[in-house]
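Engineer: sequence plus the predicted model coming up.
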Amino acid sequence: MQFSLVLAVMASTASAAAMGKSKQMQINYYSDSTCHSFQGNVDVTWATSLYDSKHNNCYNYQYGNSVNIAECDVKAGCLCNFYYQKDCTGGATQQLQGNGNCVGGAQQLKSFACYYR
């Protein structure tokens with residue numbers, strides 16, 4: 001009985017994490033254009049699956065001069081699209097997790113949506 005309870009709790013915890021209850025990635029903002037002078041961050045807890053048809057995860061935020069995905073806590077990988085308009089509209093520049101993933105011109109970006117694979 002205890003073993004079943006432990007498995008149920010573990011499954012519940014994994015399910016909560018998959019549903020966006022815990023931090024999935026960290027977006028860092030920088031005062032320079034090359035992602036070196038850290039200015040602040042946003043912990044993403046609302047990312048959705050890249051393959052899910054319900055992509056309603058836009059976050060309106062504008063800060064700094066450059067931005068990157070500094071930390072991806074999802075094993076299969078993280079991806080964010082940064083948009084030039086609020087509500088994830090207008091042109092977008094795609095940002096993948098990994099080395100060299102700095103996007104300059106963050107002062108022009110007004111929203112983003114993040115996904116996990």
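Structural biologist: Ah, there it is.
Engineer: so which strand or helix has the closest residue to residue 26 other than its chain neighbours?
Structural biologist: Distance criterion CB to CB, 6 or more residues apart in numbering; nearest residue to residue 26, sequence neighbours excluded, is residue 71 at 3.9 Å. C-betas here are computed from N, CA, C, even on glycine. Assigned by DSSP states H and E, residue 71 falls within strand 66-72.
Engineer: and that strand, C-alpha only, in CSV?
Structural biologist: Below are the C-alpha coordinates for strand 66-72, written out as CSV (Å, rounded to 0.1, in the frame of the first residue of the first chain):
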residue,chain,number,x,y,z
SER,A,66,19.5,41.6,-25.3
VAL,A,67,17.8,38.3,-24.2
ASN,A,68,18.5,34.6,-24.1
ILE,A,69,17.2,31.3,-22.8
ALA,A,70,19.7,31.0,-19.9
GLU,A,71,18.4,27.8,-18.4
CYS,A,72,16.3,25.0,-19.8
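Engineer: from the chain's centre, how far out does it sit?
Structural biologist: From the chain centre to the centre of strand 66-72 is a distance of 8 Å (CA atoms, centre = their mean, to the nearest Å).
Engineer: may I have the strands that pair with that strand, each with its orientation?
Structural biologist: Strand pairing for strand 66-72, using DSSP bridges, gives strand 25-30 (antiparallel), strand 103-104 (antiparallel).
Engineer: check what contacts it and list those residues.
Structural biologist: 24-30, 32-35, 41, 78, 80, 82, 95-97, 101-106, 109, 114 (CB atoms under 8 Å, 6 or more residues apart in numbering).
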